[in-house]
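*Asks:* need a structure here:
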Amino acid sequence: MDNKVTRIIDAMTEKDLFSRWLGIERLEEREGYCRLRMTVRPEMCNGFSIAHGGISFSFADSALAFASNSRGRHAVSIECSISHIRPLLAGETIVAVAEEKSLGNRTAIYEVRVEREDGELVALFKGTVFRKEKQWL
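*Replies:* Numbers count the residues shown, from 1 in each chain. Next comes the predicted model:
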């Protein structure tokens, strides 16, 4: 892992209590890219006994945050959307892969694939971020 990218994401996760509550594990990170893993817990499920849509959205949003801030400038989401393709059950482990699709001076666009560990796509997330002038390091 790139030392600069790791230091940035370390600084972010230090204060990111929600991502820690999700139980996110960082697998891979580099400029414009992030891969995370987590396991769906029973308290994350809704009345249908499937993961609440906000769980996969939040998981993908964390991947977006890490990937978009990895270049060194503070980046915040300004528009996000998700398509839920398959339901998730308690006990299932999922992976989020965030990839930069477009990088501009002020905005950037990312796609985040949320998959089961076997690679089956369960959600597709798109996020646009605003890139501030403020630097992480």
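*Asks:* May I see the buried residues of the longest helix seen in the chain?
*Replies:* Counting by DSSP state H, the longest helix found in the chain is helix 53-69. Neighbour-count burial for helix 53-69 flags 55-69 (criterion: 16 or more other C-beta atoms under 10 Å). Every residue, glycine included, has its C-beta placed from N, CA and C.
*Asks:* Kindly report the same for stretch 31-42.
*Replies:* Buried residues in stretch 31-42 (16+ other C-beta under 10 Å): 32-38, 40.
*Asks:* Next step: those restricted to strands.
*Replies:* 33-38 (DSSP state E).
*Asks:* Please name the nearest non-neighbouring residue to residue 82.
*Replies:* Spatial nearest neighbour of residue 82, excluding adjacent residues (C-beta to C-beta, 6 or more residues apart in numbering): residue 125 at 4.5 Å.
*Asks:* buried stuff in the longest strand anywhere in the chain?
*Replies:* Secondary structure of the chain per DSSP E: the longest strand is strand 121-135. Of the residues in strand 121-135, 122-129, 131 count as buried by neighbour count, 16+ other C-beta under 10 Å.
*Asks:* between that strand and helix 53-69, how many degrees?
*Replies:* 40 degrees (axes from the mean of the first three to the mean of the last three C-alpha atoms, to 10 degrees).
*Asks:* what's strand 121-135 in contact with?
*Replies:* 56-57, 60-61, 64, 68, 72-88, 94, 104-116 (C-beta atoms under 8 Å, 6 or more residues apart in numbering).
*Asks:* rerun at 7 Å
*Replies:* Residues from elsewhere that reach strand 121-135 (C-beta atoms under 7 Å, 6 or more residues apart in numbering): 56, 60, 64, 68, 72-86, 88, 94, 106-116.
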